[in-house]
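Here's a sequence, model it:
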Amino acid sequence: MEWKDYFVKYEPVIKIVIIILGAVIVNKLLRTMVSAYFRRESARINVDPTAYNFLKNALTFLIVIFASLSIIYSIPTFKHLAVTLFAGAGILAAIIGFASQTAFSNIINGVFIVMFKPFRIGDVIEIGRNQQEFAGQVEDITLRHTVIKNFENKRVIVPNSVISTEVIINRTIVDEKVVRFFEITISYTSDLNKAMQIIAEEAEKHPLFVDPRTPEQIANNEPKVNVILLKFSDYGMVLRGYICGPNSALSFQLLTDLNKIIKERFDKEGIEIPYPYFNIIQKNPEIKS
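So this is what the prediction gives:
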């Protein structure tokens, strides 16, 4: 069998291989060109890496779609099958259309994220009502999802359509300083003013503490750490201190350090952290003979 016969026999396979190889090469070239362009022009036009990564993902998506259509229409068997399915299987088309709604929703919301920039690659964000579940640094924004590296060094993949319907806390977009709530309960018999003073003193002494006051607040001699009596619980007084750290990660470390430091200082100064307890009053029932 001559090579021409082999070509005719395996023509569909050869076409598929050529199209796939061509798509891979074109994708690689375009991504390399885009990367080189942004590296060269970044200093002049102040490129946002979010748009850069999203553009590369969009190019790859378009190339894959174009290659898939090329394979279908270049192979007569595939073309006939595709025409038959789309022309005669209305139910299948409806199912595919319904299933693709989520995919298109993710793509559209991904475009909105890049356009309106509620967050960018490298930002530290918290998503949803239970923010700690989806909290971390944004690593990538694709056509379908956003990749977040959480504080346990795990990658959380969140669909773009989910992000668009949730509350987003961006801890990087304006100021990296973060105010944490330090809450602790002391007994009703403890010295309230002394306990509040200890919280402020220990927070200010910590090396990670940051003075959050504005120049006007400093001029008015307002305290660096505001400690308040938040509420009365069933078994003690709940105090809250507003403690400021340099960023999200270090402010969390500051808060956990203060848990130990203030507990030890309270023990030394005689400030009681009470266990939950209740007073039970028992009335003597009348004895009936």
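
The closest residue in space to residue 212 that isn't next to it in sequence and residue 57, how far apart?
Once flanking residues are discounted, residue 212 sits nearest to residue 244: 3.9 Å by Cβ to Cβ, 6 or more residues apart in numbering. (C-beta placed from N, C-alpha, C; glycine too.) Here the criterion is Cβ to Cβ, to the nearest Å. By it, residue 244 lies 37 Å from residue 57.

Please work out which residues outside stretch 268-275 touch it.
For stretch 268-275, the external contacting residues (Cβ atoms under 8 Å, 6 or more residues apart in numbering) are 184-187, 189-191, 194-195, 198, 235-236, 263, 265-266.

Between the two ends of it, how far is it?
Distance across stretch 268-275, first residue to last, is 18 Å (Cα to Cα, to the nearest Å).

Can you name the residues that contact residue 243?
Contacts of residue 243 (Cβ under 8 Å, 6+ apart): 179-182, 203, 209, 225, 251, 254-255, 258.

For these, which two are the farthest from each other?
Maximum pairwise distance in the contacts of residue 243, criterion Cβ to Cβ, is 14.7 Å, between 181 and 209.

Could you check which of those two has the larger neighbour count?
residue 209 (21 against 10; other Cβ atoms under 10 Å).

Tell me, how many residues neighbour residue 155?
11.

mind giving me the domain split of this structure?
If you go by automatic domain parsing, the domain ranges for the chain are 3-88, 124-170, 178-269.

Take those and write them to JSON lines, including distance to residue 117 and mean pLDDT.
Output for those, formatted as JSON lines (distance: least, Cβ to Cβ, whole Å; pLDDT from 0 to 100):
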{"stretch": "domain 3-88", "distance to residue 117": "7", "mean pLDDT": "70"}
{"stretch": "domain 124-170", "distance to residue 117": "10", "mean pLDDT": "81"}
{"stretch": "domain 178-269", "distance to residue 117": "19", "mean pLDDT": "92"}
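
how about CSV for these, with distance to residue 276 added?
Shown next, in CSV, are these (distance: least, Cβ to Cβ, whole Å):
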stretch, distance to residue 276
domain 3-88, 48
domain 124-170, 25
domain 178-269, 5
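
what's the closest of the ones you listed to residue 280?
domain 178-269 (12.9 Å).

about what we covered before: so for residue 244 and residue 57, which sits in the more crowded spot?
Between residue 244 and residue 57, counted using other Cβ under 10 Å, residue 244 has the larger neighbour count: 20 against 17.

So that one sits against residue 251, correct?
Yes. Contact criterion Cβ atoms under 8 Å: residue 244 and residue 251 qualify, at 7.1 Å.

Quick check: neighbours shared by these two?
Contacts common to residue 244 and residue 251, judged by Cβ under 8 Å, 6+ apart, are 177-180.

Top of these by number of neighbours, please.
That'd be residue 178 among those, by other Cβ under 10 Å, with 21 neighbours.

picking that back up, who are the contact partners of the residue nearest to residue 212?
Residue 244 neighbours (Cβ under 8 Å, 6+ apart): 177-180, 209-212, 251.

how does it look with 6 Å?
Applying Cβ atoms under 6 Å, 6 or more residues apart in numbering, we find residue 244 in contact with 177, 179, 210, 212.

After the one helix or strand it maps to, which helix or strand is next? Please name it.
Taking DSSP states H and E as the definition, one finds residue 244 inside strand 237-245. Downstream of strand 237-245, the first helix or strand assigned by DSSP H and E is helix 248-269.

what about residue 258, how many residues close to it?
22.

Kindly apply the preceding question to residue 219 instead.
9.

can you check the one 3 residues further on too?
One way to gauge burial is a neighbour count; for residue 222, by other Cβ under 10 Å, it gives 11.

could you measure the nearest residue to it once chain neighbours are set aside against residue 194, distance?
If the residues on either side of it in the chain are set aside, residue 222 comes closest to residue 213, at 6.1 Å by Cβ to Cβ, 6+ apart. Using Cβ to Cβ, one gets 24 Å for the distance from residue 213 to residue 194.

State the pair within the contacts of residue 244 that is farthest apart.
179 and 210 (9.3 Å).

Could I get the full set of helices for the stretch 151-289 of the chain?
160-163, 192-205, 215-219, 248-269 (DSSP state H, counting those that start in this stretch).

Report the beta-bridge partners for the residue nearest to residue 212.
residue 179 (DSSP bridges).

my guess is residue 182 contacts residue 238, does it?
No. The pair residue 182 / residue 238 is not scored as a contact, 11.2 Å apart, by Cβ atoms under 6 Å.
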